[in-house]
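Asks: Dropping a prediction and its sequence here:
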Amino acid sequence: MILSLFCSLAALMVAAFVLGRRRAVAVVSGDVRSLHSRPAYYGHWVALWAGLPGLLLVLVWVAVEPSLARWQVLAHAGPAVTELSTERVELFVHDAEALAAGEVVSRQSTPELRAAAERVAQVRSEGRQGLAAVVLSVASGGLLWARRRIHPQLRARNGVERAVRGLLAASSGIAILVTIGIVLSLIFEASRFFGLVPLNEFLFGLEWSPQTAIRTDQVGSSGSFGAIPVFAGTLLITAIAMAVAVPVGLLSAIYLSDYASARARAVVKPLLEILAGIPTVVYGFFAALSVGPVIRAFGERMGWDVSSESALAAGLVMGVMIIPFVSSLSDDVINAVPQSLREASLGLGATPSETIRQVVLPAALPGIVSAILLAVSRAIGETMIVVMAAGLAANLTANPFEAVTTVTVQVVTLLVGDQEFDSAKTLAAFALGLTLFLVTLVLNVIAMAVVRRYREQYD
Amino acid sequence: MTDRLLPTDESAARHLAKRHAAERRFRSYGASAVGAALVVLVALLGSILWRGLPAFTSHEVRLEIHFDADLLDPRGSGDLEVLGRGDYGRLVKLALRAKFDQVTGRRERRALSALVSSGAAFELRERVLAEPGLVGTTRLFFLPLSDDADLFFKGGVDVSTREADRRLSDAQISWLRVLEAEGRIESRISRRFFISGDSREPELAGIRGALVGSLWTLLITLLLSFPTGVAAAIYMEEFAPKNRLTDFIEVNINNLAAVPSIVFGLLGLAVLLNFFGMPRSAPLVGGTVLALMTLPTVIITSRSAIRAVPPSVREAALGIGASSLQVVSHHVLPLALPGILTGTIIGMARALGETAPLLMIGMVAFIVDVPSGPTSPATVLPVQIFLWADAPERAFLAKTSAAILVLLAFLVAMNLVAVLLRNRFERRW
């Protein structure tokens, strides 16, 4: 319905372009030099007048429709619904909407629900028919009005350019909208979670078992949401990953920029970048099915007790994934150190490695630090490797051979396959997501600040 | 040379030798770091290639199938609806029993028919529905073996282990050997892998559904992120005034580029699904989430491509009377387009390999049908890999690796296009 409305609107705009252009040429009886703008601009101008108001109306309707439907449902619902708790009412409205859209609803469909669904469907179909009528008449009205206003002095080009510039500015505003959307949705859902579980317990609690039992008299019926073990597991795996990625990435960046021949660099650098292009799900598969068993077999031979989902396997593979990230970022900053510094040091008799360690690296340090911080933020937010290769149970341990869980693993396991939206279990995922977002944000901001603050200016 | 300078000073010479040793050590550290990274790359790709290649072929058995009219169409009506309801599984069982008529017990017979995939019946049904004249005749057909039998011929079954420890019994293995000795077993390129959707049976599972889902998702991503990204980049580079708001937008874009992908999944779940009520598991939602995720990449690469166009081009156009928008649309944009497209393709390649945010919006459902549009339930290639990697059947291991190979092939192709585009059209000023 909405789609066909868009299509007819687009067709109308094409027609408006042709009519406007023709009209402009006709107004000056073919002598286009006496027009203020080129004829095509008059076409565009009429098309914009025909299309933009209608488009805005459609967008407004799409934004308003759910709340209109909701208002209709609640206005006609009996006391059986309105006296429910707020969350139940939410659920009722949600189910009615789903039923109206023809989806399968998990709950039993009661007569009230069916009536509500019919009302939603009615709002939708009637509203959309009305919308189509209004939009199409506004569009044709705009077309006719704009076409009549065409005269040689009309500054069509300026009008069109103003509209296009507005469109460009609006596009760049989307980045802000996305950020606001992320922050608001995370904060909103997380605050619902903190209404159920106190912030203190979440931040400092030592036990994480979000699986709530169905009956209240069962063991562990309440679930506990102390996230320390989850944070600790994330840190353990991140530390292992950095222990792999930082030395290997940094040393290969140094080798490639200061030792390798141009030909070797031309071959090796793209090869390292392949590592960055491999999807994380592939690394996860590799960690779970190749690295995990190898580590386990090695541990058994040495007589150690190694879990098949050890933190070591996930951390090592994650480290490999981050190598190109560290190496390409540090390669940039190492190359940015001016050649004259190296030459001065070599001229004093230092060996190349002494030059690198005592001149190049200190000069490049802010950049390297920020690269490492960005890599840490990458590792913390990485999901698929740990989902496939790390454990689910939250163990508070520093032993890399044991299975630990991470923030991202918990977010995925809490949300996949579960549709109920008022339990602490699903809301906990948003609290974890908010923590993840804040931590990575802070790391990124620090990384950028370090570069800005300590960057040496070489002329 | 330097050690000649102070020939008498023993300690200086020793010190110098030490420093040179340190130099060699340091250099070897660097070389071994590069070497280690390359070894891991080779191990990763090698292990996937080695595991995945067998999945592109599958073993099939040639059997004489008698399309018994009494079983399929007892009244001889020729009605397609009646034919569609026929018991084709029984045809396969009868053909196998005719081959091994000494097998009599119920359990043995069941073990015998377990050698052929349950999908064989569906294939026979399709054949008969396409050609009803087959009823009453006997024809030779290649039918897919079950995953365990297929694995046996690929050398995946260790015959020396105890019978109870393997999925194939001694009797089943001897039957398979008989069939092989008669030349009835053939290894063929597995077309099924490319033309069918997901399935619980490894020998029937294919990636077509996931591929089509990926294409729909990527199409939505491209349609949303390319125009908005380029428009935003043009505004930021050419029109934005230098003020706080512009700085804020810039910081925002840079931060969004570093937000973990799973957070975008949470955004999609909370806003697109729960607030706007868009359908779960649909490429429309997945594509939108991935578009938001790739938007910063597209903006950043487009901006640098636009910035690379020299100011003299703009000044020349302005000088002959073009308006600022004409400068952009007639001169700057065409010159920057190769760079913009390269960046977009790289962003799309990343979106194609992305899994985590799609898990959040329900694209992990088990979906057999090939999706028919952007709102029908679908899964995508990386999620399919994730699902298969979790499946308990051993044959899915090869399928997973094969799906990874297909995914990597797509990524390599996209990156090649990007590199070619860059080399062919990039201009240095």
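Replies: Cool, got the structure.
Asks: So residue A:400 belongs to a helix, correct?
Replies: No. Counting by DSSP: H, G, I helix; E, B strand; the rest coil, residue A:400 is not part of a helix but coil.
Asks: Surely it and residue A:313 touch.
Replies: No. Under the criterion of C-beta atoms under 8 Å, residue A:400 is not in contact with residue A:313, lying 9.2 Å apart. For the C-beta atoms, the positions are set from N, CA and C on the backbone; glycine is no exception.
Asks: Between the two, tell me which one has more neighbours.
Replies: residue A:313 (30 against 21; other C-beta atoms under 10 Å in any protein chain shown).
Asks: Ignoring the adjacent residues along the chain, who's closest to whatever residue of the stretch 151-300 of chain B ends up closest to chain A?
Replies: The minimum distance from the stretch 151-300 of chain B to chain A, using C-beta to the nearest C-beta, falls at residue B:260 (2.5 Å). Closest residue to residue B:260 in three dimensions, ignoring its sequence neighbours and counting by C-beta to C-beta, 6 or more residues apart in numbering or on different chains: residue A:381, at 2.5 Å.
Asks: wait, doesn't the one you found sit right on residue B:266?
Replies: No. Here residue A:381 does not reach residue B:266: they are 11.7 Å apart, not a contact under C-beta under 8 Å.
Asks: What's the separation between the residue nearest to residue B:260 and residue B:259?
Replies: 8 Å (C-beta to C-beta, to the nearest Å).
Asks: Now for these two: what residues contact both?
Replies: residue A:440 (C-beta atoms under 8 Å, 6 or more residues apart in numbering or on different chains).
Asks: how's the chain carved up into domains?
Replies: All of this refers to chain A. A:2-154, A:224-454 (automatic domain parsing).
Asks: think we crossed wires, I meant chain B
Replies: B:2-53, B:57-190, B:208-425.
Asks: any chance you could map the helices in the stretch 201-350 of chain B?
Replies: In the stretch 201-350 of chain B, the segments counted as helices under DSSP state H, counting those that start in this stretch are B:208-234, B:244-258, B:261-267, B:283-307, B:311-319, B:324-326, B:333-353.
Asks: tell me the mean pLDDT over the third one?
Replies: The reference is to helix B:261-267. Mean per-residue pLDDT for helix B:261-267: 93.
Asks: Helix or strand for residue B:63, just tell me which one.
Replies: Assigned by DSSP states H and E, residue B:63 falls within strand B:57-66.
Asks: Can you show me the strands along the chain?
Replies: I'll assume chain A. A:208-209, A:224-225 (DSSP state E).
Asks: oops, I was thinking of chain B
Replies: Using DSSP E, strands in chain B cover B:57-66, B:138-144, B:185-189.
Asks: and of the ones you listed, who's closest to residue B:98?
Replies: Across the strands of chain B, the minimum distance to residue B:98, taken as C-beta to C-beta, is reached by strand B:57-66, at 7.5 Å.
Asks: For residue A:118, give me the pLDDT.
Replies: 81.
Asks: from what I can see it touches residue A:112, true?
Replies: No. With contacts counted by C-beta under 8 Å, residue A:118 stays clear of residue A:112, the gap being 10.8 Å.
Asks: any idea of the pLDDT on the residue of the stretch 1-150 of chain B found nearest chain A?
Replies: Among all residues of the stretch 1-150 of chain B, residue B:30 sits closest to chain A, at 2.9 Å; criterion: C-beta to the nearest C-beta. Per-residue pLDDT puts residue B:30 at 93.
Asks: Residue A:81 too?
Replies: Residue A:81 carries a pLDDT value of 69.
Asks: do the same with residue A:31
Replies: In this model, residue A:31 carries a pLDDT of 85.
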